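**Q** fold the following for me, if possible:
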Amino acid sequence: MNSRERVKAAMEHKPVDRVPVMCQLALGHYFLNSNYQSLDIWFDSVTFAQVLIEFQQQYEFDGILINLPGRPSNWREYLNSYSHAENEERAVWNSGNITIVPFDDNLHTYQHNMQPLSRAHYESVDANDPATYRIPGYVWNTWHAPSLWEIDKNADLTNPGSYPEWFTLALRSVRSKGEEISVHVEVFSPFTHLMELFGYEQALMALMDAPDKCHNLLSIFTEHVAARIKCHAGCDPDALNISSAFAGAGFISREMYREFVVPYERRLVQAAHDSNVPIYVHTCGAIGDRLDLMLESGYDGIDTLDPPPLGTVNLAEAKQKYGEQFFFKGNLDAVNEMLSADDQTFEKAVRNRLEIGKQGSGYILSSACSVAPHVKPERLKTMVELAKKYGV
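**A** Numbering: from 1, shown residues only. Below is the predicted model:
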């Protein structure tokens, strides 16, 4: 089996020659361990695709997750100045915004006076007026770019044809170079958009103070994300990943999950299935109390599955109860078992997940959430070696 066939079989609960391995690496891991400038990795889609391929080959992972949207090829034209210090890179854009890229963490963009970018306030947002929620700095409803790109503010974001060609550039670049690897692409859930639009504190207040307004916005964001799913589906991904990071018990209750997450993510699952693409969900932290609700959403699989103490998922129990309905990806504690553990503890944890996961297929060995930036590359290579030896 090649890697693409192996992951596909695991997602479909079919026999595999061994458990596939596919970790999402934190962007800081690329910054620390590659020879590329961090700003280029973040903003240049072709460079980002090349980095993804190089690390997949270095670690012999079976798949790649593309977790940044495409960028315009002329992004440097928006750059006023650039400087590189020991611990960070700094970009000043023509707009006046400033982007700081730490040497081991995601970038942060500020206004010219180093104040945070403006966010919407739920009391003033009008779901019938896009100008109140399509605000500067919030491109494609995510804080991933410094409000630079030439995007028509009146574009119909529910229409896949309204998205520029470069929106899928990273996906197309990886796919063209990786015909035998499993290529997955990430989009953000409507609930994540709501959290990012208002900021976490304001968003949680809005759920209690203005639930009807939240539902209206979630419906709008759902149509936007469905359009992005269709954009990506046309570029031959092997799976779609819905990043719904803030829907765990650390943020919202089970009842709020059922009300504010399930109906909207169910529509996204349908959009993916209409395009014949498998789809799974990435939710961080404590999700052991809502696996059944994720099943109601119709997902093919679940990602992260954080174990205690980071989360509440016991892989053996989850697989016994839901293993025929879901494929599972993750469950290795990215901090306590991958970053901080000694070699013996790490190997024991990996072998434990392999022993549980390989029964009946339907499992992809991975960190729970992203691999922490300072995890040693040798440890990731060891994961694959252990899968080859004990995941058969």
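**Q** confidence score at G137?
**A** The model reports G137 with a pLDDT of 63.
**Q** neighbours around Q320, how many?
**A** Q320 is flanked by 12 other residues according to other C-beta atoms under 10 Å. All C-beta atoms are positioned from the backbone trio N, CA, C, and that covers glycine.
**Q** helix or strand for it, just tell me which one.
**A** Using DSSP states H and E, Q320 maps to helix 315-322.
**Q** just the helices in the protein please.
**A** Assigned by DSSP state H, the helices in the chain fall at 3-11, 27-33, 38-43, 45-59, 169-177, 190-198, 200-209, 211-233, 254-260, 262-274, 291-297, 315-322, 343-357, 377-390.
**Q** got these as CSV, with distance to Q111 columns?
**A** Below are these laid out as CSV (distance: least, C-beta to C-beta, whole Å):
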stretch, distance to Q111
helix 3-11, 42
helix 27-33, 22
helix 38-43, 19
helix 45-59, 26
helix 169-177, 27
helix 190-198, 17
helix 200-209, 18
helix 211-233, 24
helix 254-260, 30
helix 262-274, 31
helix 291-297, 37
helix 315-322, 44
helix 343-357, 43
helix 377-390, 37
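**Q** can you tell me which of these is most buried?
**A** Among the helices of the chain, ranked by average contacts under mean count of other C-beta atoms under 10 Å, first place goes to helix 190-198 (a mean of 25).
**Q** rewinding a little: next, the angle from the helix holding Q320 to helix 343-357.
**A** Calculated by axes from the mean of the first three to the mean of the last three C-alpha atoms, to 10 degrees, helix 315-322 forms an angle of 10 degrees with helix 343-357.
**Q** got the contact list for helix 315-322?
**A** Under the contact criterion C-beta atoms under 8 Å, 6 or more residues apart in numbering, helix 315-322 has outside partners 288, 291-292, 295, 305, 307, 328, 331, 353, 356-357, 359-360, 362-363.
**Q** in space, what's closest to P309 - neighbours in sequence excluded?
**A** N336 (7.2 Å; C-beta to C-beta, 6 or more residues apart in numbering).
**Q** number of nearby residues for that neighbour?
**A** Residues near N336, counting by other C-beta under 10 Å, number 16.
**Q** surely it meets D306?
**A** No - contact between N336 and D306 fails when scored by C-beta atoms under 8 Å: they sit 10.5 Å apart.
**Q** just give the number of residues close to the closest residue to E223 other than its chain neighbours.
**A** Closest residue to E223 apart from its sequence neighbours, by C-beta to C-beta, 6+ apart: T158 at 4.2 Å. By other C-beta under 10 Å, 13 other residues sit near T158.
**Q** next one: the one 4 residues further on
**A** Number of residues near S162 (other C-beta under 10 Å) recorded here: 16.
**Q** distance of it relative to D306?
**A** Per C-beta to C-beta, to the nearest Å, S162 is found 36 Å from D306.
**Q** cool, I181 as well?
**A** 26 Å.
**Q** what of I356?
**A** Applying C-beta to C-beta to I356 and D306 gives a distance of 15 Å.
**Q** correct me, but I53 touches R175?
**A** No - the pair I53 / R175 is not scored as a contact, 10.4 Å apart, by C-beta under 8 Å.
**Q** on the pLDDT front, check L305 for me.
**A** So, for L305, pLDDT stands at 97.
**Q** thinking again about what came up before, and which of the contacts of helix 315-322 is nearest L117?
**A** Nearest to L117, judged by C-beta to C-beta, of those is L305 at 32.5 Å.
**Q** residues contacting C214?
**A** Y122, L194, A206, L207, F260.
**Q** Provide a list of residues in contact with the residue lying closest to E54 once chain neighbours are set aside.
**A** Spatially, and ignoring its direct neighbours in sequence, E54 is nearest to S34 (7.2 Å; C-beta to C-beta, 6+ apart). Shown in contact with S34 (C-beta under 8 Å, 6+ apart): I41, V51, E54, F55.
**Q** same list (those residues) but as TSV, adding distance to V281 and pLDDT.
**A** Formatted as TSV, the contacts of S34 follow (distance: C-beta to C-beta, whole Å; pLDDT from 0 to 100):
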residue	distance to V281	pLDDT
I41	26	95
V51	25	97
E54	28	97
F55	24	97
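**Q** got a markdown table for the residues you listed, with distance to I135 too?
**A** As requested, these are exported to a markdown table (distance: C-beta to C-beta, whole Å):
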| residue | distance to I135 |
| --- | --- |
| I41 | 26 |
| V51 | 30 |
| E54 | 36 |
| F55 | 34 |
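**Q** thought G63 was touching E5?
**A** No - taking contacts as C-beta under 8 Å, G63 lies outside contact range of E5: 11.3 Å.
**Q** tell me how far the residue nearest to E223 lies from H232.
**A** 15 Å.
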